[in-house]
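[1] All I have is the shape, not the residue letters:
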């Protein structure tokens, strides 16, 4: 199954969503439901734009895909730090986080220096950030501040960079097709988000963690994860995996995606905001859109690397 | 008044919005090109650019920021930016002596005269009534200039503008900006009541500004 086929399928999903959205727009009458449909249609329009952007990056090659993910990391970190209470003593370590560690992580990926890629942020940034803040001399809430900055770097930059890291894996019998595996991964995780949202809207009754996110329900969770795993399994020909392996991996990444959405919601709830940003119409910020990817990417990368790559 | 817009002004405004991630809100304040005094909290050198960039055209080309002469005249680039692009009205900071004897009498009037001239021509102004940059947590006491300008031009409305996060993007004493998201909130316009004294009005103006923080 080729990349073009997979991308075509993605377009078909979007077209189907657009059709359903337009039908609902013309048939739904109740005010509350109309608002839901309007938001859904806005999300679909934005999905078209996002797919066009990602599709273009893939067409232009691996380097452009890496740059695109670097940009996502940068924007996500920007949203995360904006909401995190930091003070003047953090200015320089934040500057390093944005302009040194984040770009460097992607440069290491481009150089395919995997050893350094995997420890830059967990080791070097982890030790550098508190040191730079200590030099700045403000000890108020010191550990909270430095831990939050490092956490932001881990989620937005380190975790997310493992999605494009799929491009550097050497998988026997799958040479030259890594971009397709990355696209497959993005498709399944985002599809799982969309299907959880759709199933939740249709049948959602029982919230999983009502104090964190009233919209995440068991019905949405089971429906979304089940359907996305089924689709991922059916598409196993696009991957280097056997059907049962594709099923297991899809189940794991969709569960991780759910964990990401829930965790990032807990942080939003604590800060008293609904979204991390406003940059993506209908979806909120970049971090709202990629929270599931941040959690699933490192796990998908490691499992693929451990079991399938040489 | 015919605005003399520098060809780079629009581009620079877009760039400033990109860097500061500016997200602007207008709360009970119509977006219309009438004569106004926009007054804001002051925490960063970026404040005046951020506020200026947040104004849509044609409001922006009718609005001139009021800035401290000694800072913006310090080198050629700053001076060019301040005079040609932002079209700012440069004023000397009042010396402490003039202030303690009631700034607004002899000393104050001289400082305000370029601003009064500008208002006479029909332009709008951006000013920072705290006079100097604060720490970003509390809004300082207001200087009397705002009151005198409003009193001498009763038709003008004063619009409070709360600037958020700019002190984190470029705090006092730092020269490298962080790419954080800022927010510019325009609030409902106010004017001095007929029998309202200077300190009452300044207090009310400060409250109108601080209130925007929590909206």
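    Arrived safely. Keep in mind that this is a model prediction, so the values were computed, not measured.
[2] For the rest of this, base every contact and every neighbour count on C-alpha atoms.
    Noted.
[3] What are the boundaries of the strands in the stretch 101-250 of chain A?
    Along the stretch 101-250 of chain A, no stretch is classed among the strands by DSSP state E, counting those that start in this stretch.
[4] Low-confidence stretches in chain B?
    For chain B, the stretches with pLDDT under 70 are B:1-4, B:93-109, B:136.
[5] That one against chain A: which residues are in contact?
    When proximity is defined by C-alpha under 8 Å from any C-alpha of the partner chain, chain B lies next to chain A at B:165, B:168, B:171, B:176-181.
[6] hmm, 6 Å instead?
    Proximity of chain B to chain A, by C-alpha under 6 Å from any C-alpha of the partner chain, involves residues B:180-181.
[7] mind listing what the residue of chain B found nearest chain A touches?
    Closest to chain A within chain B is residue B:180: 5.3 Å, counting by C-alpha to the nearest C-alpha. By C-alpha atoms under 6 Å, 6 or more residues apart in numbering or on different chains, the contact set of residue B:180 is A:78, A:82, B:169.
[8] Return the distance of residue A:133 relative to chain B.
    14 Å (C-alpha to the nearest C-alpha, to the nearest Å).
[9] Please list all residues in contact with that residue.
    Going by C-alpha under 6 Å, 6+ apart, residue A:133 touches A:89-90.
[10] mind redoing it with 8 Å?
    By C-alpha atoms under 8 Å, 6 or more residues apart in numbering or on different chains, residue A:133 lies in contact with A:89-90, A:92-93, A:146.
[11] Looking at these, which one is closest to chain B?
    Comparing the contacts of residue A:133 against chain B with C-alpha to the nearest C-alpha places residue A:92 closest, at 8.6 Å.
[12] Mind telling me what element that closest one is part of?
    Secondary structure from DSSP states H and E places residue A:92 in helix A:91-96.
[13] residues making contact with the helix or strand harbouring residue B:70?
    Assigned by DSSP H and E, residue B:70 belongs to helix B:69-72. Outside of helix B:69-72, the residues within contact range by C-alpha under 8 Å, 6+ apart are B:78-79, B:82, B:90-93.
[14] rerun at 7 Å
    The contact list for helix B:69-72 (C-alpha atoms under 7 Å, 6 or more residues apart in numbering or on different chains) reads B:78-79, B:82, B:90-92.
[15] cool, and stretch A:76-96?
    When contacts are defined by C-alpha under 7 Å, 6+ apart, stretch A:76-96 is touched by residues A:129, A:132-133, A:136-138, A:145, A:152-153, A:156, A:276-277, A:286-287, B:168, B:171, B:178-181.
[16] Report the buried members of the residues you listed.
    A:129, A:132-133, A:145, A:152-153, A:156, A:276-277, A:286-287, B:168, B:171, B:178-181 (16 or more other C-alpha atoms under 10 Å in any protein chain shown).
[17] just how off-centre is the worst-scoring helix or strand of chain A on mean pLDDT within its chain?
    Between all helices and strands in chain A, the lowest mean by mean pLDDT, DSSP states H and E belongs to helix A:31-60, at a mean of 90. How far helix A:31-60 lies from its chain's middle: 16 Å, per C-alpha atoms, centre = their mean, to the nearest Å.
[18] Could you tell me how far the following helix or strand past that helix lies from the centre of the chain?
    Where DSSP H and E defines the elements, the next helix or strand beyond helix A:31-60 is helix A:62-83. The chain centre lies 11 Å from the centre of helix A:62-83; the measure is C-alpha atoms, centre = their mean.
[19] Identify all contacting residues around stretch A:257-273.
    Stretch A:257-273 has contacts (C-alpha under 7 Å, 6+ apart) with A:189, A:212-213, A:274-275, A:291-296.
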